[in-house]
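[1] okay, sequence plus prediction incoming.
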Amino acid sequence: MGKNSCLIIGHGAREHVIGETLVGDGVKLFSFMSFKNAGLEDLSKDIKIHSETDFQEIIDFCKEKNIDFAVIGPEAPLVVGIVDALEKVGIPCVGPKIEAAQLEGSKVFTRNLLEKYKIKSNVRSKMFDSMERIDSYIKDMGVENIVVKPEGLTGGKGVKVYGDHLFSTQDILDYCQELVSKKSRFLLEERCVGEEFTLQTFVDGKNVIGSPLVQDHKRAYEDDKGPNTGGMGSYSMEDHLMPFFTQKDVDEALEDMKKTVAAVKAETGVGYKGFLYGQFMKTAKGLKLIEFNSRWGDPEAMNVLPLLEGNFVDICWSIINGNLSQNIEFENKATVCKYLAPEGYPVNPKKDEQVIINKEKINKTGAKYYYASVYREGEKIFTTTSRAMGVLGIADSLEEAEKISESGVACIEGRLFHRKDVGTRRLLQKRIDHMNSLLKK
Ligand code: AMP
Ligand code: GLY
């Protein structure tokens, strides 16, 4: 194989599964990460630990290692233009250029784009950078219909929703004032009520090809209680849908993602290349777009990439060359991914605690495991302040996949917790009932 030296940028479980898939499909992997991921270290020919937004260091490492192409995992380097910088020196990338990455980097850009191009799943929203006229906008929308979203990247922690985090007009005004003081632009957006799904796609500038639907669990504790997190686990079903999302919903979401990619090209002149993540909510008023991400989801990448039947490296080259074919196939299996997080996460996480992985035992369960924010000293693994390990079960049914994931979790010891309810029938039924109750209205 020729052009097969690949650089991956990023350091989480998402990059671990991307790296694993790339290596499985034939690349020589090199990793550039701000924090050493033990999984990527084991998979790579060589690694460099350095800021993921230092373009010159990344370019130098690529030249030193004769890199043929780069895959960019996280949003931070994308929204500051890593792809533009690498492509300028002749290194093709799987990831959007800065103009196109605004779909994640600027919520104002995205809402304006969707409005201008009349994309159906858009919701009502308005941008503010001062307190002027906020009061009347809230009155007009109705206080219970308000979501406040800071403009840029907030690691999932900046969005505040009426009823979840804000409980009165005064709460909303206080949060807006806080953002104004920080000189952050923000949106007041229509609050949607329904069930969410993630649709992750491959995009080559024009073609947008979908993958199995995934549902993430943002809340820290069982039964969707507790503070929001980066995601505590996720599942996908063997038919690649969900009992409460039909093929028609997927087709509609995909249609809007195609229109969005075309709109980005029309508006900026830049074709979107890479992975595009759409988070949608099915509501009584139809399908609504919650947000786009310019990358794979974490944990959602772990639900999808291990099911890929084709060659991921070929797909990456098709993205680069603009000739993706329509038939990207995935195994008809269910998946359940559970995140182990340090006790106290996300409020007061216990860091520097040892994590003991019984590798022999976990391999016998059939579960796969991915390193997230943990570090290795000698042979020992320790927690940091963020999610520690992703444990994945794959099987013919959701029940079996959930059991495998739990058996895998049982082989990992430490001051950690996870959500036992992710991927269980009981939680699934709760979501089905919720959707049914909304749609009957
Ligand atoms: P985001 O950072 O945009 O993914 O938002 C974080 C979470 O806030 C999402 O996963 C949703 O659960 C919630 N959210 C964001 N926008 C809305 C909206 N317009 N209506 C209701 N919930 C929302
Ligand atoms: N799981 C949500 C995200 O990756 O943003």
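    Here it is on my side, so go on. Ligands and ions are numbered 1, 2, ... in the order given.
[2] residue 33 contacts residue 14, correct?
    No: using CB atoms under 8 Å as the test, residue 33 is too far from residue 14 to be in contact (11.7 Å). For the C-beta atoms, the positions are set from N, CA and C on the backbone; glycine is no exception.
[3] how about the stretch 201-350 of the chain: which residue is closest to ligand 1?
    At 3.7 Å from ligand 1, residue 291 is the closest residue in the stretch 201-350 of the chain, using CB to the nearest ligand atom.
[4] how about that residue, nearest residue that isn't a chain neighbour?
    In space, residue 291 comes closest to residue 279 once its chain neighbours are excluded; the distance is 5.1 Å by CB to CB, 6 or more residues apart in numbering.
[5] wait, is that neighbour part of a strand?
    Yes: under DSSP: H, G, I helix; E, B strand; the rest coil, residue 279 falls within a strand.
[6] pLDDT at it, what is it?
    pLDDT, residue 279: 97.
[7] neighbours of it, how many?
    19 (other CB atoms under 10 Å).
[8] beta-bridge partners for it, please?
    residue 198, residue 291 (DSSP bridges).
[9] isn't it up against residue 287?
    No: with contacts counted by CB under 8 Å, residue 279 stays clear of residue 287, the gap being 11.3 Å.
[10] quick revisit: quick check: the residue of the stretch 201-350 of the chain closest to ligand 1 vs residue 245, distance?
    If you measure residue 291 against residue 245 using CB to CB, to the nearest Å, the figure is 17 Å.
[11] what parts of the stretch 251-400 of the chain come near ligand 1?
    279, 290-291 (CB under 6 Å from any ligand atom).
[12] let's see 8 Å
    Within the stretch 251-400 of the chain, the positions near ligand 1 by CB under 8 Å from any ligand atom are 279, 281, 288, 290-291.
[13] sorry, back to before: now do the contacts for the residue nearest to residue 291.
    Residues near residue 279 by CB atoms under 8 Å, 6 or more residues apart in numbering: 196-199, 289-293.
[14] what of residue 188?
    Neighbours of residue 188 in contact, by CB under 8 Å, 6+ apart: 125-126, 128, 134, 137-138, 141, 146-148, 172, 176.
[15] touching ligand 1 at all, the helix or strand hosting it?
    Per DSSP states H and E: residue 188 is located in strand 186-190. Yes: legend: contact between strand 186-190 and ligand 1 by CB under 8 Å from any ligand atom is shown at 189-190.
[16] direction included, what does that strand pair up with?
    strand 125-128 (antiparallel), strand 146-150 (antiparallel).
[17] out of those strands, the one nearest ligand 2 is which?
    Using CB to the nearest ligand atom as the measure, strand 146-150 is the one of the strands paired with strand 186-190 that comes nearest ligand 2, at 13.9 Å.
[18] I'd like the next helix or strand past the closest one.
    Sequence-wise, the next helix or strand downstream of strand 146-150 (DSSP H and E) is strand 160-161.
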